[in-house]
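> Here you go, sequence then predicted model.
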Amino acid sequence: MSDSIFENEAVVSSTREIGLLIRQVRNEVGFKQLELAGMFGSGNRFIVDAEKGKESIQAQKLIDLLGLLGLEVVIRKK
């Protein structure tokens, strides 16, 4: 079994869970928060907030950050 929270996909139900995935992938690729912020063109605060699962985070920016990390959002019926 891997130390990874997810292998190829994960079902999430909160911004906190999304934040955990962002942190995990960032660490797996070896970026510091400040490096990721620079690549993303944002302040470090946005990366910190995303990884903490801030509920009022901007949805489009979060989706864009996921894309930069090679992740995508899939919506499906339960």
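Perfect, thanks for sending it. Remember, it's a predicted structure, so these values are computed and weren't measured experimentally.
> Phi and psi next, for Ala10.
When read as degrees, to the nearest 10, the backbone of Ala10 gives phi -150, psi 140.
> How many neighbouring residues does it have?
Using other C-beta atoms under 10 Å, Ala10 is surrounded by 14 other residues. From N, CA and C alone the C-beta is placed, and that goes for glycine too.
> Could you number the chain from 59 rather than 1 from now on?
Fine by me, first position is 59 from now on; the one you just mentioned is Ala68.
> Could you list which residues are in contact with it?
The contact partners of Ala68, by C-beta atoms under 8 Å, 6 or more residues apart in numbering, come to 75, 79.
> now Phe98
104-105, 122-123, 126.
> would you list the residues you listed in JSON lines and tack on secondary structure, distance to Lys135 and pLDDT?
Below are these laid out as JSON lines (DSSP: H, G, I helix; E, B strand; the rest coil; distance: C-beta to C-beta, whole Å; pLDDT from 0 to 100):
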{"residue": "Phe104", "secondary structure": "helix", "distance to Lys135": "31", "pLDDT": "98"}
{"residue": "Ile105", "secondary structure": "helix", "distance to Lys135": "32", "pLDDT": "98"}
{"residue": "Asp122", "secondary structure": "helix", "distance to Lys135": "25", "pLDDT": "97"}
{"residue": "Leu123", "secondary structure": "helix", "distance to Lys135": "26", "pLDDT": "98"}
{"residue": "Leu126", "secondary structure": "helix", "distance to Lys135": "28", "pLDDT": "96"}
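> Please pick the buried ones from those residues.
104-105, 123 (16 or more other C-beta atoms under 10 Å).
> ok, the spatially most central residue of the chain - contacts?
Nearest residue to the geometric centre of the chain (C-alpha atoms, centre = their mean): Ile80, 2.6 Å. Applying C-beta under 8 Å, 6+ apart to Ile80 gives the contacts 108-109, 123-124, 127, 129.
> cool, and Gly101?
Ala95.
> Now do the phi/psi pair for Asn66.
The phi/psi pair for Asn66 (degrees, to the nearest 10) is phi -120, psi -20.
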